[in-house]
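Enquirer: For reference, the sequence and a predicted model appear below.
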Amino acid sequence: MNLETEFVGGTLRLRFDGELDHHAAKKAVATIEEYIDAFLPRRCVMDFSGVTFMDSSGIAVLIKTRKRMGELDGTLGVENIRKQPMRVLRAAGVDRIVPIAAPAAKEA
Amino acid sequence: MDEINSVKIEFLSRSRNESFARTAVACFAAQLDPTLDELGDIKTAVSEAVTNCIVHAYPDSLGRISVKARLFGDSSLEIAVRDWGRGIEDIGAARAPMFTTGGDERSGMGFSIMESFMDKLRVRSKPGRGTTVTMTRRIASRADAR
C-alpha cells in the first residue's frame, strides 16, 4: 500500500495505491494522522482510484479520519472509488456518513 | 451434497498473511467461474474472518490459523476459518454491527460484512479454546444468468 499526498489551497489530497486491509491500515492511519497534524487542512480528500481491495479495516481508517477532520471543523470526502471497496462501504452504511464522489471511470 | 474438491491451508497469525489467505481462496474458488463481484465478495469475507483471528484470537501472540475451502456439486463454496486462540465470550454481541473490542483501529463491521457478502454464516467458539467461522456462498452459474 502506497500513499501519496498533495496539499493545495487548504485541501489535503491522499491518494492510496494497493490493498487496504488490516495489515496496510495500521500504517495508513499513522501516516494520515501525521499529514493532518502537519497541514491542519480545511478539507481532506481520499482518492481511492488505486485501491484494488478494501475490507472493514478501510472503514475504520475512514471513520477515524472523519473524526479527526471533525475536530478541526474540516470536512472529508472520498473520490474515485472502485466497485469492490464501494460494495464494502455500502454494506456498512458508510456511504451515508461520508460523501463519496462518482466511481473511477476505468477499472484496472 | 457431494464434495467435489477441497483445499486446506494453515499459516501463522501474521497480518501479512491476510492477503495470502484471501488470494488463495479466490484462486481455488475460480473453478466455479465466478463473476468479479462474487470473487470480490469471497475475498472480502475471508479477509474479515482471518483478520478477526489475528486481532482477537491471538492479540498478544502468534498462533495457527487454518482455512479450509470446499466446493460442492450445487456450485456452492464453503469456507471454514479456524483458530485455537482466545475464543469469543458472547457471540451475539460480537456479531452485532459496530461492536468491537479492538479499539478505534477496528470498525466493528467484520461480521456484518461477512453476513451480507455470504449466504450463510455460522460461528462456533469456546472461550480459551478457539473459534471456527463457517461461511457458505452459492456461485450463480453464468449459463443460468443468461
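Expert: Nice, thanks for sending it over. Numbering: from 1, shown residues only, chains lettered A, B, ... in the order given.
Enquirer: Which parts of chain A are strands?
Expert: A:2-8, A:11-20, A:43-54, A:75-79 (DSSP state E).
Enquirer: can these go into CSV with extra columns for mean neighbour count, mean pLDDT and distance to chain B?
Expert: To be clear about C-beta, it is placed using only N, CA and C from the backbone, and glycine gets the same treatment. Listed next are these as CSV, based on neighbours: other Cβ atoms under 10 Å in any protein chain shown; pLDDT from 0 to 100; distance: least, Cβ to the nearest Cβ, whole Å:
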stretch, mean neighbour count, mean pLDDT, distance to chain B
strand A:2-8, 12, 93, 15
strand A:11-20, 20, 96, 6
strand A:43-54, 21, 96, 7
strand A:75-79, 19, 96, 15
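Enquirer: So B:Met135: helix, strand or coil?
Expert: strand (DSSP: H, G, I helix; E, B strand; the rest coil).
Enquirer: Would you agree it is in contact with B:Ile113?
Expert: No - using Cβ atoms under 8 Å as the test, B:Met135 is too far from B:Ile113 to be in contact (11.0 Å).
Enquirer: need the contact list for B:Asp90.
Expert: Listed by Cβ atoms under 8 Å, 6 or more residues apart in numbering or on different chains, B:Asp90 has no contact partners.
Enquirer: Tell me the predicted confidence for it.
Expert: B:Asp90 carries a pLDDT value of 88.
Enquirer: Next: A:Lys106.
Expert: At A:Lys106, the pLDDT recorded in the model is 54.
Enquirer: picking that back up, which neighbours do B:Met135 and B:Ile113 share?
Expert: With Cβ under 8 Å, 6+ apart, B:Met135 and B:Ile113 have common neighbours B:Ala45.
Enquirer: I'd say A:Ala59 and B:Gly110 touch.
Expert: Wrong residue type there; residue A:59 is Ile, not Ala. No - under the criterion of Cβ under 8 Å, A:Ile59 makes no contact with B:Gly110, lying 9.5 Å away.
Enquirer: show me where chain B has helices.
Expert: Counting by DSSP state H, chain B has helices at residues B:17-29, B:36-52, B:91-95, B:110-117, B:142-145.
Enquirer: Make a markdown table out of those and add mean neighbour count and distance to A:Val8.
Expert: Formatted as a markdown table, the helices of chain B follow (neighbours: other Cβ atoms under 10 Å in any protein chain shown; distance: least, Cβ to Cβ, whole Å):
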| stretch | mean neighbour count | distance to A:Val8 |
| --- | --- | --- |
| helix B:17-29 | 20 | 33 |
| helix B:36-52 | 24 | 33 |
| helix B:91-95 | 14 | 43 |
| helix B:110-117 | 23 | 34 |
| helix B:142-145 | 8 | 46 |
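Enquirer: Now tabulate those helices in CSV and tack on distance to chain A.
Expert: Compiled in CSV, those are given as follows (distance: least, Cβ to the nearest Cβ, whole Å):
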stretch, distance to chain A
helix B:17-29, 5
helix B:36-52, 4
helix B:91-95, 13
helix B:110-117, 5
helix B:142-145, 17
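Enquirer: Mean pLDDT lowest where, among these?
Expert: helix B:142-145 (a mean of 56).
Enquirer: Tell me how far A:Ala24 lies from chain B.
Expert: The gap separating A:Ala24 from chain B is 9 Å, by Cβ to the nearest Cβ, to the nearest Å.
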